[in-house]
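S.K.: Generate coordinates for the sequence data below:
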Amino acid sequence: MSPLGILRRHRVAALLGAALIISPVVVSFAQNTNGIAKIVATTQTPLPGISAPNGSFAPVVAATKPAVVTVTTIMKAQPEAMNEGAPFQDNSPFDDYFRQFFGDQGMPMPRTPPQQQAPRTEALGSGFIVGADGTIVTNNHVVDGASSIKVTLDDGTELPAKVVGSDAKNDLAVLKIKASKPLPTVKWGDSDRLMTGDQVLAIGNPFGIGTTVSAGIVSARGRDLHSGPFDDFIQIDAPINHGNSGGPLVDVNGNVIGINTAIYSPNGGSVGVGFAIPSDQAQKVVAKLEKGGSIQYGYLGVDIQPVTPDVASAMGLDHPGGALVSQVNDGSPAALAGVETGDVITGFAGQDVKDPKDLSRAVADVAPGTRESLDVWRKGKAMKISVDVGRNSDDAKTASTGGSGAPGAEQGSGAPALGLGLMDITPDIRQQMNLADNERGAVVARVNPDKAAAAAGIQPGDIIVAVNQVPVKSAKQVTQAVAQAGKSGRKSVLLLVERGGSQIYVAVPFANG
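M.R.: Below you'll find the predicted structure:
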């Protein structure tokens, strides 16, 4: 099963601060010879495969733990949280993702239960000191929306803190406290050198019980939780729970190689699948936040999708790769530069683009106003396009995936090789589907569930607006274009489909027809 499929079946919880309700400790009881119950102490068997230098991580913990802090925030209660039975409120950058796939039942664990009489809520998270002057790094979702912030040092000292800068897209924040003496710090490590199987320690304050250390290994690299353009998480099996958010993930040398941020969990607790932001990514963001307080991201204004083997075959490409432009936003930097629907972007600013994620990250990293070059494959030819990168606002995205299907239509002329029933856009259909006067193409009236089009994701109500990058105006033109593609010897045909106001390319293989 794909990672996305698994995520749809279970919950992924962002590690938010204060889960203040702690489960009771479970102990074993036994009868002594007098029949009196006694507590039997048990020891936990070490996890197989985990070893420490000289048999102990104590030297690493002694060097790093003093620089780990607890972050306590006071939040103004939301009106919804004042109503009995209202859903738990949360400010995590993963909110939209959770609601899309799980609804409120799949939301991250709450900071505190909603209380009708509570004028405010309190949340706990973790952080770590990177500057002896009191510079602290944590997650943005730990402090987002806070009216006041307090930091508790390892020795118990409590100090007020202020936000120097924050960035929701990377889920990072920088805090500052004033201390009477230089504070202990930790050093950044090199996350790029991490390998699957390397030992790591996660440090933080889970459930508010106090600073805790857990050990594990790097389980995987480059995990994408679909929470933003910068998803490149380190997956670990070191147990982390609510309250660990913002705490450091350190290597056996005591260097910070990640920031604990999220867990994958079917029950809200740790099941050994945690995620941390890589230090090489975090360190750059932190440096920018310290200087300017916020980060401006670049923007192209295109909807993009992967170039799969079927798409590559339909377009006559030698191999899959790059980012296929399914739609260009009107007035966007890409539109002004001459980018067209159907272009495959293979490079940006001198960097290869292997997939849409590469392009999203590369563009977002460029300062708005910068002029960069795009390497584009268009209708069998390679070309370069210069583009003035724009500024990315909250509602401007480099890539999107489109919306839900439109209403169905009655069966019309067919395209049996693909398993589609098509019909023209008549005045009645245009009115029923609320289509623009200039809308052209063929409406998908039915899809044979046993044929290739259904397997490729074509849905009733879709509008086919182009076949192999050639615009079509009727069901007959679609049928003819598909037939011509089959005669050309290609293994698949490329359909440009409009769905819910967005466009997406779908490659339908002939072999499965």
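S.K.: helix/strand/coil for M75?
M.R.: Look at M75: counting by DSSP: H, G, I helix; E, B strand; the rest coil, its state is strand.
S.K.: Any idea what it is bridged to?
M.R.: In this entry, M75 is beta-bridged to T121, A146, by DSSP bridges.
S.K.: separation between it and V387?
M.R.: 41 Å (Cβ to Cβ, to the nearest Å). All C-beta atoms are positioned from the backbone trio N, CA, C, and that covers glycine.
S.K.: V353 now?
M.R.: V353 is 13 Å from V387, by Cβ to Cβ.
S.K.: Okay, domains of the chain per the record?
M.R.: 1-34+61-295, 298-391, 414-509 (automatic domain parsing).
S.K.: Redo these as CSV? Include mean pLDDT and mean neighbour count.
M.R.: Converted to CSV, the domains of the chain look like this (pLDDT from 0 to 100; neighbours: other Cβ atoms under 10 Å):
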stretch, mean pLDDT, mean neighbour count
domain 1-34+61-295, 77, 19
domain 298-391, 89, 19
domain 414-509, 84, 19
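S.K.: need the helices for the protein, in chain order.
M.R.: Secondary structure of the chain (DSSP state H): helices at 3-9, 58-64, 95-102, 140-143, 279-292, 309-315, 333-337, 356-364, 427-432, 452-456, 475-487.
S.K.: Out of those, the one nearest G165 is which?
M.R.: Comparison of the helices of the chain against G165 by Cβ to Cβ identifies helix 279-292 as nearest, at 3.2 Å.
S.K.: OK, contacts around the residue lying closest to T152 once chain neighbours are set aside?
M.R.: Nearest non-adjacent residue to T152, counting by Cβ to Cβ, 6 or more residues apart in numbering: T70, 4.3 Å away. Counting by Cβ atoms under 8 Å, 6 or more residues apart in numbering, T70 makes contact with 124-127, 151-152, 205, 208, 211.
S.K.: Out of the residues you listed, which comes closest to R221?
M.R.: Proximity of the contacts of T70 to R221 (Cβ to Cβ) peaks at S126, which lies at 22.7 Å.
S.K.: What separation is there between the closest one and V353?
M.R.: Counting by Cβ to Cβ, the gap from S126 to V353 is 36 Å.
S.K.: ditto for M383
M.R.: From M383 over to V353 (counting by Cβ to Cβ), the distance is 14 Å.
S.K.: Surely Q327 touches V302?
M.R.: Yes: taking Cβ atoms under 8 Å as the definition, Q327 is a contact partner of V302 at 6.9 Å.
S.K.: and W188, bridged to which residues?
M.R.: Beta-bridge partners recorded for W188 (DSSP bridges): V256.
S.K.: dump the residue contacts of it.
M.R.: Applying Cβ under 8 Å, 6+ apart, we find W188 in contact with 130, 255-256, 279, 283.
S.K.: Please report how far G461 lies from Q327.
M.R.: Taken as Cβ to Cβ, the span from G461 to Q327 is 18 Å.
S.K.: Next: V151.
M.R.: Going from V151 to Q327 by Cβ to Cβ gives 46 Å.
S.K.: Likewise for G380?
M.R.: On the measure of Cβ to Cβ, G380 and Q327 end up 21 Å apart.
S.K.: can you check A475 too?
M.R.: 22 Å.
S.K.: wait, isn't V389 in contact with L374?
M.R.: No: the pair V389 / L374 is not scored as a contact, 10.3 Å apart, by Cβ under 8 Å.
S.K.: Run through the bridge partners of the residue nearest to T152.
M.R.: Under the criterion used (DSSP bridges), T70 bridges to S126, T152.
S.K.: now do V163
M.R.: L175.
S.K.: Just confirm it contacts A173, I think it does.
M.R.: Yes: between V163 and A173 there is a contact at 6.1 Å, judged by Cβ under 8 Å.
S.K.: any common contacting residues for those two?
M.R.: The contact lists of V163 and A173 share V143, where a contact means Cβ under 8 Å, 6+ apart.
S.K.: quick one, what contacts V250?
M.R.: With the criterion set at Cβ under 8 Å, 6+ apart, V250 makes contact with 60, 64, 186, 189, 200-201, 203, 256-257.
S.K.: Grab the nearest non-local neighbour of V497.
M.R.: Nearest to V497 is D462, by Cβ to Cβ, 6+ apart, at 4.7 Å.
S.K.: Surely that neighbour is in contact with R499?
M.R.: Yes: using Cβ under 8 Å, D462 is in contact with R499, at 5.3 Å.
S.K.: what separates S326 from Q503, distance-wise?
M.R.: S326 is 5 Å from Q503, by Cβ to Cβ.
S.K.: Including distance to V137, could the contacts of T70 go into TSV?
M.R.: As requested, the contacts of T70 are exported to TSV (distance: Cβ to Cβ, whole Å):
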residue	distance to V137
L124	16
G125	11
S126	10
G127	6
V151	12
T152	16
N205	15
G208	20
T211	16
